[in-house]
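Visitor: Build me a model from this:
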Amino acid sequence: PHDILRLLGVQELAAYLVKEIQDVYRVQGVKINDKHIEVIIRQMLRKVEILDPGDTNFIKGEQVERTRVMEENDRAQSEDRIPARWQPMLLGITKASLAT
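Guide: Residues are numbered from 1 along each chain as shown. A predicted model of the protein is given here:
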């Protein structure tokens, strides 16, 4: 999954995870709406790692929520400052649930 995230991006990884998880449940004869799995996957993908803080207050290597980075980058760009560069992260389900 980390390779899919790195090479193909968040959307492709999310689709892959939904398919794989659904396959496991289908074999057992259990039907689950994709929405339920997508909620969990969204939580697993909500953090990003800062690669270059630019002119923001982030620290290189810091793990922050995607929405926070997007807001700060919008603010930086509107003030003609350099936005942070980041990469998406895939948290394990336990870490993702503890971070809520």
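Visitor: Tell me where the chain is predicted with low confidence.
Guide: The chain contains residues with pLDDT under 70 at 99-100.
Visitor: Checking my notes, G29 in a helix, right?
Guide: No: going by DSSP: H, G, I helix; E, B strand; the rest coil, the assignment for G29 is coil, not a helix.
Visitor: Compute the number of surrounding residues for it.
Guide: By other CB atoms under 10 Å, the residues close to G29 number 6. Bear in mind the C-beta positions are built from the backbone N, C-alpha and C, glycine included.
Visitor: Would you map the strands across the chain?
Guide: Listed in chain order, the strands of the chain (DSSP state E) span 47-52, 63-65, 85-88.
Visitor: Ok, which of those strands comes nearest A15?
Guide: Of all the strands of the chain, strand 85-88 sits nearest to A15, with 14.4 Å by CB to CB.
Visitor: OK, contacts around M44?
Guide: 17, 90-93, 96 (CB atoms under 8 Å, 6 or more residues apart in numbering).
Visitor: can you do 6 Å?
Guide: 90-91, 96 (CB atoms under 6 Å, 6 or more residues apart in numbering).
Visitor: what does V69 give?
Guide: 48, 84, 86.
Visitor: What sits closest to the first one if chain neighbours are left out?
Guide: For V48, the nearest residue in space outside its immediate sequence neighbours is W86; the separation is 4.3 Å by CB to CB, 6 or more residues apart in numbering.
Visitor: Was I right to think that neighbour contacts I50?
Guide: Yes: using CB atoms under 6 Å, W86 is in contact with I50, at 5.3 Å.
Visitor: neighbour-wise, which of those two wins?
Guide: W86 (22 against 19).
Visitor: Against S78, how distant is the more buried one?
Guide: Per CB to CB, to the nearest Å, W86 is found 18 Å from S78.
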